[in-house]
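K.L.:
3D, please:
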Amino acid sequence: MAGDEDVTIIGGGIVGLATARALVRGGAAGRIVVLEKEPAVGAHQSGHNSGVLHSGLYYPPGSAKARFARTGAEAMHRFCAEHGVPVRRTGKLVVATRPEQLPRQAELARRGTANGVRLSEVDGSAIAEREPQVRGLRALLVPDAGITDFGAVCAALAADLAADGVEVRAGCELRSVRRDGDRLVLGTKTGEVRTRFAVNCAGLHSDTVAELAGTRPAARILPFRGEYYEAAPGRRDLVRALVYPVPDPAFPFLGVHFTRMADGGLHVGPNAVPALAREGYDWRTWSAPHLRRLLRDPALRALAKRYWRTGAAEIARSAVKPLFVRAARELLPGLRGTDLVPAPAGVRAQAVRPDGTLVDDFLVHEDDRWVHVLNAPSPAATASLRIGEDIADRVGAKLA
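P.N.:
Here you go, the predicted structure:
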């Protein structure tokens, strides 16, 4: 499978596919190929998520997250409408259930306003009018939040790329990297690929790919599994749209929330627990090399020391369903354990710096031949089309 490419993208998730699309639309990239190690695109984070289109409420003003979220969401709405992918503006409530949460809710409102997010503050009666079974003191109503199916978005992106002559090579895992003059030689499971430039959009494996390329990544990937339940048949009407708690600003997760999915189902979660493998979608899946590496990593020890109470609570909710249900009842007091059945989990690639600090924004490293996307946290799926344009601009500067 040897051949000279201009740009090779490692990773056929939503960010990698969106980057290829942006390069094609920019018209300056020449020959483009996408390498995906799985049999199909969007097999991991892109196909295992809640499908929420975020509005930019949570992110610090001036951050890359804030810059990308609003314009990216609008671009995604247009893409879905043009390609027949299910998409709806459902709106979202972020609900404070206790007085001590009100200052954090006010800070969210400040951030959202600074980021140009349409929002309003509503009281308990307005919460009940919009979501009859939800109880809270006050809430932020974000009308532009929505829902889609990001797995279907990946399939639509791949179809567009095929029509544009971009090859997406599935089952093509990167195994080695070397240089040959002004070319990179990428050794894969199915042969070598020669390319002028490469883009690392490998998600859960982004730090590993960076190391193969000879880069010392500024952060390591620590996979966190997001564990969900879904409403049992006949109980999907518990919530009409999207209902979230006020998040803990010290932790980059949004807490147990309720998501009305694009197919009409209702998901509740997630729990966020350390995965025992890069692709550890349950407690039974573990990797000895992954665990050995984590145990030797000082970043993990620093992280565990800082967040052990939060981590213990998350693990307890994973092991004991009534504890999970209790957390969900903060928002929905009438919820019963029998209302919920297990749903498929997802695994999030969380970047951690050597000092144990969680990276909470996009992290990109470049050299003369590579663009490494080392951290692409939520709202990466929402903003993927906009992120792809940014990465394509970086690559275009190298091609010029």
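
K.L.:
how about low-confidence regions in the stretch 201-350 of the chain?
P.N.:
249-253 (pLDDT under 70).

K.L.:
C172 contacts T188, correct?
P.N.:
Yes: assessed by C-beta atoms under 8 Å, C172 is found in contact with T188 at 4.9 Å. Bear in mind the C-beta positions are built from the backbone N, C-alpha and C, glycine included.

K.L.:
The two - which one has more neighbours?
P.N.:
C172 (23 against 19; other C-beta atoms under 10 Å).

K.L.:
sec struct for the more buried one, please.
P.N.:
What DSSP: H, G, I helix; E, B strand; the rest coil gives for C172 is coil.

K.L.:
G311 too?
P.N.:
At G311 the chain is in helix, as set by three-state DSSP.

K.L.:
got a list of what it touches?
P.N.:
For G311, the contacting residues are 273-274, 304, by C-beta atoms under 8 Å, 6 or more residues apart in numbering.

K.L.:
if we go to 10 Å?
P.N.:
224, 251, 272-274, 303-304 (C-beta atoms under 10 Å, 6 or more residues apart in numbering).

K.L.:
same deal with C80?
P.N.:
Counted by C-beta under 10 Å, 6+ apart, C80 has contacts 53, 86-88, 146, 148-150, 152-153, 156, 262.

K.L.:
same check, this time on H205
P.N.:
10-11, 37, 44, 173-174, 211-212, 221, 223, 278-279, 349.

K.L.:
give me the number of residues near G337?
P.N.:
The burial count for G337: 12, using other C-beta under 10 Å.

K.L.:
i'd like the first residue to be 5 from this point on
P.N.:
Sure, I'll start numbering at 5, so the last one becomes G341.

K.L.:
Near the closest residue in space to it that isn't next to it in sequence, how many other residues are there?
P.N.:
Once flanking residues are discounted, G341 sits nearest to V329: 4.9 Å by C-beta to C-beta, 6 or more residues apart in numbering. By other C-beta under 10 Å, the residues close to V329 number 20.

K.L.:
Need the phi and psi values for V329.
P.N.:
Phi and psi for V329, reported as degrees, to the nearest 10, are phi -60, psi -40.

K.L.:
ok, it - contacts?
P.N.:
V329 touches 233, 260, 272, 321, 336, 339-344, counting by C-beta under 10 Å, 6+ apart.

K.L.:
I'd say D267 and R92 touch.
P.N.:
No: assessed by C-beta atoms under 10 Å, D267 is found out of contact with R92, at 11.2 Å.

K.L.:
I'd like the average pLDDT over the helix or strand encompassing I13.
P.N.:
Assessed by DSSP states H and E, I13 sits inside strand 8-14. For strand 8-14, mean pLDDT is 95.

K.L.:
tell me which residues in that strand are buried?
P.N.:
Using 16 or more other C-beta atoms under 10 Å as the test for burial, strand 8-14 gives 9-14.

K.L.:
What ranges does the stretch 105-254 of the chain have for its strands?
P.N.:
124-127, 142-146, 150-152, 171-174, 178-184, 187-192, 195-204, 224-235, 246-249 (DSSP state E, counting those that start in this stretch).

K.L.:
neighbours around the closest residue to D371 other than its chain neighbours, how many?
P.N.:
Excluding the flanking residues, the one nearest D371 by C-beta to C-beta, 6+ apart is T219, at 6.8 Å. By the other C-beta under 10 Å criterion, the neighbourhood of T219 contains 18 residues.

K.L.:
Now T219: phi and psi?
P.N.:
Here T219 shows phi and psi, under degrees, to the nearest 10, equal to phi -100, psi 140.

K.L.:
residues touching it, list them.
P.N.:
Going by C-beta under 10 Å, 6+ apart, the list of residues near T219 reads 181, 204, 211, 213, 369-371, 374, 376, 378.
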